[in-house]
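Enquirer: Prediction below, plus the sequence it came from.
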Amino acid sequence: MEILSAIIGFLVNEVFSKPYYLVGLMTAIGLIALRRPISQIIGGTLKATMGFLILVVGAITVIQALDPLGKLILGATGVRGVVPTNEAIVALAQREYGQLTATLMFLGFLASLVIARLTNLRYVFLTGHHIFYMATMLAVILVTAGLTGIWTIIIGAILLGTIMVVMPAFAQPWMRAVTGGEKIAMGHFGSLGYIAGGVAGQLVARLAGGKTKSTEEIEFPAGLRFLREPMVGTAVAMLFIYLIFAIWYAARVGTAEAVKGVGLPEGTTLASYLMAQVLNALNFGVGVAVILLGVRTIIGEVVPAFAGIAERIVPGALPALDCPVSFPYAPNAVLIGFLASVVGGLVSLGLIALIQPVLALALILPGMVPHFFTGGTAGVFGNATGGRWGAVLGGFVNGVMITFLPAFLLQVLGALGFANTTFGDADFAWYGIVIGNIARMGGIVGAAGVLIVAILLVALASWFQSRYVERGWVPGQGFVGQPASGR
Amino acid sequence: MKILAVCGMGLGSGLLLRMQVEKALQRIGKQADVEVADIGVARAMAQTADLIVTTRELAERLGDVKPRVITISNFVDLEEMIRKLKEALQDL
């Protein structure tokens, strides 16, 4: 008996409580369930474990780069500033919430399959990094709200499984307008922004008495193409952000005071103070690149296992895929939507600054990764329903949403809300705000409250699925009587 | 043989391409290592790859690279992937 309890103690303390081993273990289970060859099981398990460790290394670089940015913005404006970047906040959260995140990711995926199996919401969400990010956010919010123990895991898994099947259903009619009825769904947690983009396009079409010309009839200056590389876009934007606030801060309090404020040695010149910020901006990009390598390594092993399991539990379900699958349908709309989204973000930043004295919101600066991917996709959706002006308005609306919503999300993230970065995409924000504020009521009330939200969402999505999706409704075209998808 | 699946961030859609390539290879009865890369590092990784699979607009971003580049327009159309892979593998 003593040996048995020693083994259990070892497993609990040295394996189950370490998120990196836990991720490896879950991957191993997935690969074993699919009866993969032993070499692949060992390789995959090790890679997933090391992917998690890479993520933690990237987090350290990101923290070191973000810390001075927080001081610069606070020093310059007197208000807290935040640059939403999913990769950064997720990596930072793993130090405290890694174990719960890993557990939720796997159980949440299984929960989504169970819901897909039992209802008409036959979608399999295959965007691994977004499952991981959403698991992280739910872990942070539920723990911050005071949930403990096994209930956090059960409730978290149900909440994750729910959002993974309801969002593809809600986005499906607009996704159909984009793809022309391909058998794919949108599996990305920026979906509320894409639906808004699609509706914005419908509005444009109504006001203009028909769709405006498609974005794809525009010749684009090739010089703008470099913007399509998100890492470069991020580095350029971060350079601007660091330098603007560094100069602003120094101009406000004097160089000596600003140098002290960001923790540089006394006597540092203005030039080296500014160059230190250039280095910070580039290091932020480096940290994100390292984190991406980690995430890529984890999901590269996990998602194929997920896909194999899903094929067995819900055969024939519609795959819900990452947002860039929509890009080939309208590449110009991606660029237009992205630029319009940044403009929407900057306008909203101005508005937040205006109402700041009343509501005490943090300044949400434009994070280039969310603006590129979600703004670009919203542009594609807007173009599909309203043409080029639909793409412009769609991107703009998305930009407004991913600026205002994260400002309110910060309030339910607890200590992690002070990390100068946060979740960027629309669904993280709206779901987090709803779940966080209800869970905050505490105890049984909070726990029951969020479960009721999950049930209502599934019921609403299920109704939407049978009323609109299965009857072939395409926005702007009416019921075109396509065969029901996902069946 | 090494095949590179390239997308913007090297996350979701690149992984999807990788899974499709692997499925297609299985159907054709060929073996290869398939890796995912983001557009930022793809040019460097192309040095050691035999074939690149990506979308049209990212192929433009890649510019001139050593291996042959296949562009896929539909991420879930396995027949398209098989047809294009077969064609490219014949020439290798």
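Expert: Sure thing, it's come through.

Enquirer: From here on, just use CA atoms for contacts and neighbour counts.
Expert: OK.

Enquirer: If you count neighbours, what's buried in the helix or strand hosting A:G44?
Expert: Using DSSP states H and E, A:G44 falls within helix A:38-77. Residues of helix A:38-77 classed as buried by neighbour count (16 or more other CA atoms under 10 Å in any protein chain shown): A:41, A:44-56, A:58-63, A:65-66, A:68-76.

Enquirer: And the next helix or strand past that helix?
Expert: Next element after helix A:38-77 (DSSP H and E): strand A:81-82.

Enquirer: the strands in chain A, which residues?
Expert: With DSSP state E as the criterion, chain A has strands at A:81-82, A:123-125, A:185-186, A:318-321, A:363-364, A:473-474, A:478-479.

Enquirer: name the helices or strands packed onto the helix holding A:G44?
Expert: helix A:19-33, strand A:81-82, helix A:86-118, helix A:230-253, helix A:255-261, helix A:270-313 (3 or more CA pairs under 8 Å, 6 or more residues apart in numbering or on different chains; DSSP states H and E).

Enquirer: Can you say which of the ones you listed is nearest to chain B?
Expert: Proximity to chain B (CA to the nearest CA) singles out helix A:270-313 among these, at 5.7 Å.

Enquirer: Can I get the helices and strands packed on helix A:38-77 in CSV including mean neighbour count?
Expert: CSV is the format used below for those (neighbours: other CA atoms under 10 Å in any protein chain shown):
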stretch, mean neighbour count
helix A:19-33, 22
strand A:81-82, 24
helix A:86-118, 23
helix A:230-253, 19
helix A:255-261, 19
helix A:270-313, 21
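
Enquirer: Dump these to JSON lines, plus distance to A:N13 and mean pLDDT.
Expert: Below are the helices and strands packed on helix A:38-77 laid out as JSON lines (distance: least, CA to CA, whole Å; pLDDT from 0 to 100):
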{"stretch": "helix A:19-33", "distance to A:N13": "11", "mean pLDDT": "89"}
{"stretch": "strand A:81-82", "distance to A:N13": "36", "mean pLDDT": "91"}
{"stretch": "helix A:86-118", "distance to A:N13": "12", "mean pLDDT": "93"}
{"stretch": "helix A:230-253", "distance to A:N13": "38", "mean pLDDT": "88"}
{"stretch": "helix A:255-261", "distance to A:N13": "41", "mean pLDDT": "91"}
{"stretch": "helix A:270-313", "distance to A:N13": "22", "mean pLDDT": "90"}
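
Enquirer: need the residues of chain B near chain A, please.
Expert: Counting by CA under 8 Å from any CA of the partner chain, chain B comes close to chain A at B:8-13, B:15, B:19, B:39-40, B:55-57, B:61, B:73-76.

Enquirer: closest point of chain B to chain A, which residue?
Expert: B:G12 (5.2 Å).

Enquirer: That residue and A:N13, how far apart?
Expert: Per CA to CA, to the nearest Å, B:G12 is found 33 Å from A:N13.

Enquirer: Also A:G399?
Expert: Taken as CA to CA, the span from A:G399 to A:N13 is 44 Å.

Enquirer: which residues touch B:D33?
Expert: Going by CA atoms under 8 Å, 6 or more residues apart in numbering or on different chains, B:D33 touches B:M1, B:K2, B:I3.

Enquirer: Okay, helices next: where are they in chain B?
Expert: B:12-28, B:39-46, B:56-62, B:78-91 (DSSP state H).

Enquirer: Not counting residues beside it along the chain, what's closest to B:Q47?
Expert: For B:Q47, ignoring the flanking residues on the chain, the nearest one in space by CA to CA, 6 or more residues apart in numbering or on different chains is B:K66 at 6.5 Å.

Enquirer: Need the phi and psi values for that neighbour.
Expert: For B:K66, the backbone dihedrals (degrees, to the nearest 10) come out as phi -60, psi -50.

Enquirer: So it is in contact with B:M45, correct?
Expert: No - applying CA atoms under 8 Å, one finds B:K66 not in contact with B:M45, separated by 10.3 Å.

Enquirer: Those residues of chain A touching chain B, which are they?
Expert: A:126-129, A:184, A:225-226, A:228-232, A:292, A:295-296, A:299-300, A:304, A:321-325, A:328, A:331.

Enquirer: Find the residue ranges of chain A scoring beneath the pLDDT cut-off.
Expert: A:222-228, A:481-487 (pLDDT under 70).

Enquirer: From A:P406, how far off is the residue nearest the centre of it?
Expert: When CA atoms, centre = their mean is applied to chain A, the residue found nearest the centroid is A:D425 (4.7 Å). Look at A:D425 and A:P406: by CA to CA, they are 8 Å apart.

Enquirer: and if you look at B:E79?
Expert: 41 Å.

Enquirer: which one of these two has more residues nearby?
Expert: A:P406 (28 against 12; other CA atoms under 10 Å in any protein chain shown).

Enquirer: can you pull the contacts of the more buried one?
Expert: A:P84, A:I364, A:T422, A:F423, A:G424, A:A429.

Enquirer: what's the helix or strand of chain B with the lowest mean pLDDT packed up against?
Expert: Across the helices and strands of chain B, mean confidence by mean pLDDT, DSSP states H and E is lowest for helix B:56-62: a mean of 85. Applying 3+ CA pairs under 8 Å, 6+ apart, we find helix B:56-62 packed against helix B:39-46, strand B:68-71.

Enquirer: Among the residues of chain B next to chain A, name the buried ones.
Expert: B:8-13, B:15, B:19, B:39-40, B:55-57, B:73-76.

Enquirer: correct me, but A:A391 touches A:A333?
Expert: Yes - counting by CA under 8 Å, A:A391 does reach A:A333; the two are 6.0 Å apart.

Enquirer: Understood, closing this out.
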